[in-house]
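In: Give me the fold of what follows.
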Amino acid sequence: MKEILMVFKDLQKVVPNAEIAKSEPLSKHTFIKTGGIGDVFIKPSEVNELQKIVKYAFDHDIALTVLGKGTNVIIRDAGIRGIVVSLDHLNKVSVTGETITVGSGANIIDVSRIALDHQLSGLEFACGIPGTVGGALIMNAGAYGGEISEVLTSATVITQSGEFQTLKTGEFQFGYRSSVFANEHLIIVEAIFSLKKADPTVIKGKMDENTFLRESKQPLEYPSCGSVFKRPPGNFAGKLIQESDLQGTRIGGAEVSTKHAGFIVNVDNATSTDYIQLIHHVQKTVKEKFGIDLETEVKIIGEES
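Out: Below is the predicted model:
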């Protein structure tokens, strides 16, 4: 692989208008405020720049990691080698009739509010999901009885080799917190949602209800990576953790939330290692007590120490 300084200089030439930095602290780009250094960190300003970055990484056999808002990810303290791409600037939103076309870097919360402004129903469930559209597609994000699979009709992606593809309904391979985008490591560029006209008072009422439920049940006063574990078949991760007397358990600055057992919060300058060790402790304890394996919903990425 090329030396990182050379990669940095090459990318300055390949995409001169993109924001680019060396040795970027990735803790600045995750909701839990942890994570090591990214070798080269870059924010393309448009889709064609993103394609050039992907092709450059593929042609030179350089590891490429794509970040959204860092809401559902733990980046190890040793950081990420190669190129880290943020899609923050790919956030355009347009509305035509009952269709919303959205850049993958747009906040899904913002998109749900734009839908409300246009009297469109279908994204009420997303009004409290603090991630990007791209992240929502990858995870088939859902809450309060709705999920992305119900409204997505088309997605434009870039393959690992830098080629554009458009996927349609029937090709998304959606499952519980899974999708073709995750399975095949596709980089999402744009999504098209098909919604329905509805009474804006009813839409807003549902969004207000969802917001109340979220704020009353989730520990939003601390940094967290959202729901840590997937729901085990026929059960709930939070219930199992609570019944294992794990709420309030702390390793370093990471703590199993006393407000919602399914969350681990950063209460005192936690490191990613604190988080990961606490996750393993929770999994081990629940396994010993109930014989159930808790699978992480949060993605843990980066170099092992």
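
In: helix or strand for A115, which one?
Out: Element membership of A115 [criterion: DSSP states H and E] is helix 108-117.

In: Could you list the residues in contact with that helix?
Out: Outside helix 108-117, the residues that touch it by C-beta atoms under 8 Å, 6 or more residues apart in numbering are 93, 95, 100, 102, 121-124, 126-133, 135-136, 141, 193, 195, 200, 203-204, 207. Placement of C-beta: from N, CA and C, glycine included.

In: of those residues, buried ones?
Out: 95, 100, 102, 121-124, 126-133, 135-136, 141, 193, 195, 203, 207 (16 or more other C-beta atoms under 10 Å).

In: okay, and the helix or strand of this structure with the least pLDDT?
Out: strand 142-143 (a mean of 88; mean pLDDT, DSSP states H and E).

In: Just the ones in strands from the contacts of helix 108-117, please.
Out: Counted as lying in strands by DSSP state E, out of the contacts of helix 108-117, are 93, 95, 100, 102, 121, 193.

In: Look at the fifth one and report its pLDDT.
Out: So that's S121. The per-residue pLDDT reported for S121 equals 98.

In: Thought S194 was touching it, still the case?
Out: No - the criterion here is C-beta atoms under 8 Å, and S121 misses it with S194 at 11.2 Å.

In: just the strands in the stretch 1-150 of the chain please.
Out: 19-25, 37-43, 64-67, 73-75, 80-86, 93-96, 99-103, 120-121, 142-143, 146-147 (DSSP state E, counting those that start in this stretch).

In: which one of those has the lowest average pLDDT?
Out: When mean pLDDT is averaged over each of the strands of the stretch 1-150 of the chain, strand 142-143 scores lowest at a mean of 88.

In: Which strands and helices lie in contact with that strand?
Out: Where contact means 3 or more C-beta pairs under 8 Å, 6 or more residues apart in numbering; DSSP states H and E, strand 142-143 is not packed against any helix or strand.

In: For it, give me every contacting residue.
Out: Everything outside strand 142-143 that qualifies as a contact, by C-beta under 8 Å, 6+ apart, is 125-126, 128-129, 148-149, 210, 214.

In: Can I get these in a markdown table including distance to V256 and pLDDT?
Out: Below are the contacts of strand 142-143 laid out as a markdown table (distance: C-beta to C-beta, whole Å; pLDDT from 0 to 100):
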| residue | distance to V256 | pLDDT |
| --- | --- | --- |
| F125 | 26 | 95 |
| A126 | 26 | 95 |
| G128 | 21 | 89 |
| I129 | 22 | 90 |
| I148 | 28 | 96 |
| S149 | 30 | 96 |
| N210 | 24 | 92 |
| R214 | 19 | 88 |
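
In: Report pLDDT for the residue most central in space within the chain.
Out: Closest to where the C-alpha atoms of the chain average out (C-alpha atoms, centre = their mean) is G135, at 3.9 Å. Here, the pLDDT recorded for G135 equals 94.

In: That one contacts N107, correct?
Out: No - if you go by C-beta under 8 Å, G135 and N107 don't touch, sitting 9.8 Å apart.

In: any common contacting residues for the two?
Out: Residues touching both G135 and N107 (C-beta under 8 Å, 6+ apart) are K69.

In: on that earlier part again, mind listing what the residue nearest to the residue nearest to the centre of the chain when sequence neighbours are not counted touches?
Out: Residue nearest to G135 in three dimensions, not counting chain neighbours: G68, with 4.0 Å by C-beta to C-beta, 6 or more residues apart in numbering. Residues counted as contacts of G68 (C-beta under 8 Å, 6+ apart) are 86-87, 104-105, 131-132, 134-135.

In: Now for L278: which residues touch it?
Out: Taking C-beta under 8 Å, 6+ apart, we find L278 in contact with 249-251, 254-256, 264.

In: Now do the residue nearest to G135 against T30, distance only.
Out: 10 Å (C-beta to C-beta, to the nearest Å).
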